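[1] my questions are about this predicted structure, shown below with the sequence.
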Amino acid sequence: MSKEVIYSANAPEPIGPYSQAIKVGSMLFASGQIAIQKSTGKMITDNITDETNQVMANLGEVLVAAGMDFSHVVKCTIFLKDMNQFPKVNEVYGKNFNSNPPARETVEVSRLPKDVNVEISCIAVK
């Protein structure tokens, strides 16, 4: 098994001992992304729509670094601080999957890194 670390200079730096993503063969395992703007280091948490847009943008940058895009995603996990925010998160999330959306689960959690409201991870295959 060959394990390749995927790094995007356009996505936030990991905030712990993990990689943005790991590629094994044709499979990509992307770590959860939160709403940190790479260019400013600012956390976007003022409203869930903007926060989710930033999360998806960060995830997209990791996919690009692996030579992929959202069409390659087969599975996502969404972690939410408040399930009442699900409709707004789902609306933003859905705009990234025009057809054949991936499998997914969404779970409410008591706390996320840096006290964000949403974190999304994915698995992609090319």
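    Arrived safely, thanks for sending.
[2] report the buried residues of the biggest helix by length in the chain.
    The residue-count maximum for a helix in the chain (DSSP state H) belongs to helix 48-65. Using 16 or more other CB atoms under 10 Å as the burial criterion, the residues of helix 48-65 that qualify are 48, 51-63, 65. For glycine as for every other residue, the C-beta is placed from the backbone atoms N, C-alpha and C.
[3] so what strands line up beside the following helix or strand past that helix?
    Next helix or strand after helix 48-65 toward the C-terminus (DSSP states H and E): strand 73-80. With DSSP bridges as the test, strand 73-80 is paired with strand 103-108 (parallel), strand 118-125 (antiparallel).
[4] now mean neighbour count, distance to residue 31 and mean pLDDT too, for these, in a markdown table please.
    Listed next are those as a markdown table, based on neighbours: other CB atoms under 10 Å; distance: least, CB to CB, whole Å; pLDDT from 0 to 100:
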| stretch | mean neighbour count | distance to residue 31 | mean pLDDT |
| --- | --- | --- | --- |
| strand 103-108 | 12 | 16 | 98 |
| strand 118-125 | 21 | 6 | 98 |
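[5] dump those strands to TSV, plus distance to residue 72.
    Shown next, in TSV, are the strands paired with strand 73-80 (distance: least, CB to CB, whole Å):
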stretch	distance to residue 72
strand 103-108	13
strand 118-125	4
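[6] go through those and name the closest to residue 24.
    For those, the distance to residue 24 is smallest for strand 118-125, at 10.5 Å, taking CB to CB.
[7] export that closest one to CSV, keeping only CA atoms.
    Only the C-alpha atoms of strand 118-125 are listed here, as CSV (Å, rounded to 0.1, in the frame of the first residue of the first chain):
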residue,chain,number,x,y,z
VAL,A,118,-20.0,22.9,11.0
GLU,A,119,-17.2,20.5,9.9
ILE,A,120,-17.3,18.4,6.7
SER,A,121,-15.1,15.5,5.6
CYS,A,122,-15.2,13.3,2.5
ILE,A,123,-13.9,10.3,0.7
ALA,A,124,-13.4,10.6,-3.1
VAL,A,125,-12.4,8.2,-5.8
